[in-house]
Every structure is written in C-alpha cells, then in structure tokens.
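# have a look at this fold, sequence not included:
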C-alpha cells in the first residue's frame, strides 16, 4: 500500500483500507521502474558540471512505452477490491476537420461484489507523425463511483491541442493531418479499448 503523505488521519485511513472498510481507488501519477538503470535520465544524470536533459519529451511513461521497457508499476496503475469492465468505445465521427472537436464515450461496469471507484484514462496516439512523438499521450481522465453491477458512460472531448505537439520551427502548436488512435484503459499498460479517426488537414496555433 503506497500512502505517500496521508496526514494526521493517515493511520485511520490506512487501517480502513487494510481491513476492507474502504475500497482503495488511487492511481499512480508516476512510473515505478524495476531498476535504476531503466529510468529515462540514468545515462545523462548528473552530467558534467551541467545537466543535460537527453530524454527530451520521453519522460515518465512516454520513455518506457517508446523503449518497450517493462516497469515495476506503470503510470496510472492502482488496485481495487472490485473489478471493472470497459465496453463499447465509440467516437463521434470517423473524420474531423481542424475546426472541429471529437467526442469519445465508453461504458464502464463494476463487475465485482464491492462498490468502488475507477479512474478511466484516455490516451491519444499519432500514427502518422513526421516528428518523434510518444506512442501514446494521456489527454484526459475521469473518476467514476459505481455500485456492484452498475454501469456508467464516460465521455471525453478532444480538441486540436489534444492532438498537437509544439513545433519550435513555427513557434506554434501543430497537429498534422492523418490517422490518430484513441486508447482507453485502467493504466498506461492496461488499455481496454481502441478506436481510430482521421484529422483531415493540418492545424497550427502560433504561441
């Protein structure tokens, strides 16, 4: 049980979790590596009199996904005394223009015998990028509380900034036309559903 800084009521809170009075529902906001050598900054840190951020944009789960390194505990991971099923991921359109938004919805069901809360995570993958991009990037999350057998539809809205990367040549946020994939899951390594769409034209927003 990872409690971080629970405060003066931490003992009571931890006891309630351990004795099953409360169903835990936290998710990791970091990736736990199996070895120090697996971390993104291992080769570059501490550097020679100056710090070199050689990992670039590939920090945290982005690095582990790109390098196909298996972490001890992945980003977004968390245990529960119940189980959840993800069904029927659907997108509002198979193709969008740069001035449009995309809506993604997914049904989440508590399939266990205990009430619990689940953090539904949505990632986006640019399948045709001309620049180096992570295999997936977190673009939204929602926490839902469900009784045993209860189902709830979770909705996410994606705009152009959710598809974009920062182009320092243009000094602008840019999204390239092409195919994108929406991935929904319980952690960065527990993807439960996927769906694809196409951005019909390039988009840019100067900074």
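Yes, it's here. Being a predicted model, the structure only gives us computed values, none of them experimental.

# need the helices for this protein, in chain order.
Using DSSP state H, the helices of the chain run over 10-18, 61-67, 160-163.

# in this protein, where is pLDDT below threshold?
The model of the chain has no residue with pLDDT under 70.

# strands of that one, residue ranges please.
For the chain, applying DSSP state E gives strands covering 84-91, 95-96, 102-110, 116-126, 137-146, 151-158, 165-167, 172-175, 178-187, 190-199, 203-206.

# quick one: closest of the ones you listed to residue 56.
strand 165-167 (11.6 Å; C-beta to C-beta). C-beta: built from backbone N, CA, C; applies to glycine.

# what's across from the nearest residue to residue 80 once chain neighbours are set aside in the sheet?
For residue 80, ignoring the flanking residues on the chain, the nearest one in space by C-beta to C-beta, 6 or more residues apart in numbering is residue 116 at 5.0 Å. In this entry, residue 116 is beta-bridged to residue 146, by DSSP bridges.

# can you tell me how far residue 116 is from residue 165?
36 Å (C-beta to C-beta, to the nearest Å).

# neighbour count for those two, which is higher?
residue 116 (21 against 17; other C-beta atoms under 10 Å).

# the spatially most central residue of the chain pairs with what?
Residue closest to the average C-alpha location in the chain (C-alpha atoms, centre = their mean): residue 138, at 3.5 Å. Counting by DSSP bridges, residue 138 is bridged to residue 123.

# next: residue 187.
Those that pair with residue 187 in a beta bridge, by DSSP bridges, are residue 190.

# shouldn't it be in contact with residue 80?
No: the criterion here is C-beta atoms under 8 Å, and residue 187 misses it with residue 80 at 11.9 Å.

# so the residue nearest to residue 80 touches residue 25, yeah?
Yes: applying C-beta under 8 Å as the test, residue 116 and residue 25 come out as touching, 6.2 Å apart.

# okay, and the common contacts of the two?
The overlap between the contact sets of residue 116 and residue 25 (C-beta atoms under 8 Å, 6 or more residues apart in numbering) consists of residue 80.

# quick one, what contacts the residue nearest to residue 80?
When contacts are counted by C-beta under 8 Å, 6+ apart, residue 116 touches 23, 25, 80-82, 84, 110, 145-146.
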